[in-house]
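>>> below are the sequence and a predicted model; questions follow.
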Amino acid sequence: MAKTAAEDEIKQVIVIRTDIEMGKGKLAAQCAHASLSSYMDAVEKDKKVVERWLEAGQKKIVLKVDSVETMVKLFQAFKYKGIPCALISDRGMTQLPPDTKTALGIGPWKSEEIDKFTAALKLL
C-alpha cells in the first residue's frame with residue numbers, strides 16, 4: 001500500500017509553556033533555542049529525515065501547554081520513543097528564575113509519530 005502525503009510528512013513542533021510570563025522577545029528566543037537544539041538532535045539520529053525536512057520547507061508548528069509537568073511528560077515520552085527532542089531550561093539572566101523549563105523542541109521527525117503525543121495540544 002502506498003504512503004499518503006500525511007504519512008510522509010516531516011515537521012518540527014515547538015511546545016511553549018503558557019503558565020509562566022515571558023515577554024514576546026523571550027518567548028521567541030526560547031522557541032529558537034528549542035528549534036535549534038532539537039534540530040541538532042535530529043541530525044544525529046537521522047540525517048536523511050532532516051534533509052527531507054529542509055527540502056520540503058522546514059515545516060514548524062508551535063503548540064502550548066499550561067504546566068511544567070505536562071511538558072516534562074511529553075519530553076520523557078519522546079525520549080522513550082527515540083524521537084529527537086530538546087527540553088529548554090532558561091539560564092535566569094533576565095525575566096525568569098534559573099532552570100525554568102520554558103520550551104520543548106520535537107523533531108524534525110515524522111509527523112505521524114509526533115502527532116501521537118501532541119494531537120490534543122492547541123496552537124500557541
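Received, thanks.
>>> give the next helix or strand downstream of the least confident helix or strand in the chain by mean pLDDT.
Lowest mean confidence among the helices and strands of the chain (mean pLDDT, DSSP states H and E): helix 5-8, at a mean of 64. Using DSSP states H and E, the helix or strand that directly follows helix 5-8 along the chain is strand 10-17.
>>> which positions in the following helix or strand past that next one come out as buried?
Later in the chain than strand 10-17, the nearest helix or strand by DSSP H and E is helix 24-45. Residues of helix 24-45 classed as buried by neighbour count (16 or more other Cβ atoms under 10 Å): 26-27, 29-31, 33-35, 37-39, 41-42. No exception for glycine: its C-beta is placed from N, CA and C like everyone else's.
>>> same question for stretch 79-92.
I83, P84, C85, A86, L87, I88, D90.
>>> I'd say the second one and K47 touch.
Think P84. No: P84 is not in contact with K47 according to Cβ atoms under 8 Å; the separation is 11.3 Å.
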